[in-house]
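Below are the sequence and a predicted model for it; my questions follow.
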Amino acid sequence: MYQFSAGTGGSLTASGTTTLAAGSAPNFVAFDATGQYAYVADRGTSLISQYSVGALGALTPLSTPTATPGTNPTAIATSTAY
C-alpha cells in the first residue's frame, strides 16, 4: 500500500514512509468515523490490516496489526453503532 499527501489543487506527493505491508492483494480501505483509524481488506491473505492515522495522514500499524474476517473479504465498512 502506498501513502501520499494531497497538496492544494489535489497534487499528490509521496509521504516519508511511502509503502506499508498490507497483504498480497489489498483492495479495499475504510476509515472510522473519527478519521483516527484505517482498515484495509486483503483478498490475498484474507486478513484486515489495522492502522492508526497520524499527523498529515501517516499510517502506523496497530499493536495487533491484523484481524481475521473470513475467506477473501470483498468489502469493508465501519460503523459508529458499536
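Cool, got the structure. Remember, predicted model here, so these are calculated numbers, not experimental data. Numbers count the residues shown, from 1 in each chain.

which non-adjacent residue is nearest Ala30?
Ile76 (4.5 Å; C-beta to C-beta, 6 or more residues apart in numbering). All C-beta atoms are positioned from the backbone trio N, CA, C, and that covers glycine.

Assumed that neighbour was part of a helix.
No. Going by DSSP: H, G, I helix; E, B strand; the rest coil, the assignment for Ile76 is coil, not a helix.

That one and Ala38 touch, don't they?
No. The criterion here is C-beta atoms under 8 Å, and Ile76 misses it with Ala38 at 10.0 Å.

Name the residues contacting each of those two.
By C-beta atoms under 8 Å, 6 or more residues apart in numbering, Ile76 and Ala38 have these common neighbours: 29-30.

between those two, who's got more neighbours?
Ala38 (23 against 16; other C-beta atoms under 10 Å).

where does that one land on pLDDT?
Ala38 carries a pLDDT score of 91 in this model.

tell me which element it falls in.
strand 37-42 (DSSP states H and E).

Just give the closest residue to Thr71, not the sequence neighbours.
Thr71 sits nearest to Ser46 (C-beta to C-beta, 6+ apart), 5.2 Å away.

Show me the shaky parts of this protein.
16-19, 82 (pLDDT under 70).

In it, what residue spans correspond to helices?
With DSSP state H, there are no helices along the chain.

if we can go back for a sec, please report phi then psi for the residue nearest to Thr71.
Backbone torsions of Ser46, given as degrees, to the nearest 10, read phi 60, psi 40.

Contacts only, for it.
Contacts of Ser46 (C-beta under 8 Å, 6+ apart): 68-73.

my guess is Thr13 contacts Leu56, does it?
No. When contacts are counted by C-beta under 8 Å, Thr13 is not listed as touching Leu56 (10.4 Å).

can you list residues touching both of these two?
With C-beta under 8 Å, 6+ apart, Thr13 and Leu56 have common neighbours Ser5.

Count residues in the vicinity of Leu20, would you?
Using other C-beta under 10 Å: Leu20 sits among 18 other residues.

Show the end-to-end separation of stretch 20-29, please.
One end of stretch 20-29 to the other measures 13 Å (C-alpha to C-alpha, to the nearest Å).

list the buried ones in that stretch?
20, 22-23, 26 (16 or more other C-beta atoms under 10 Å).
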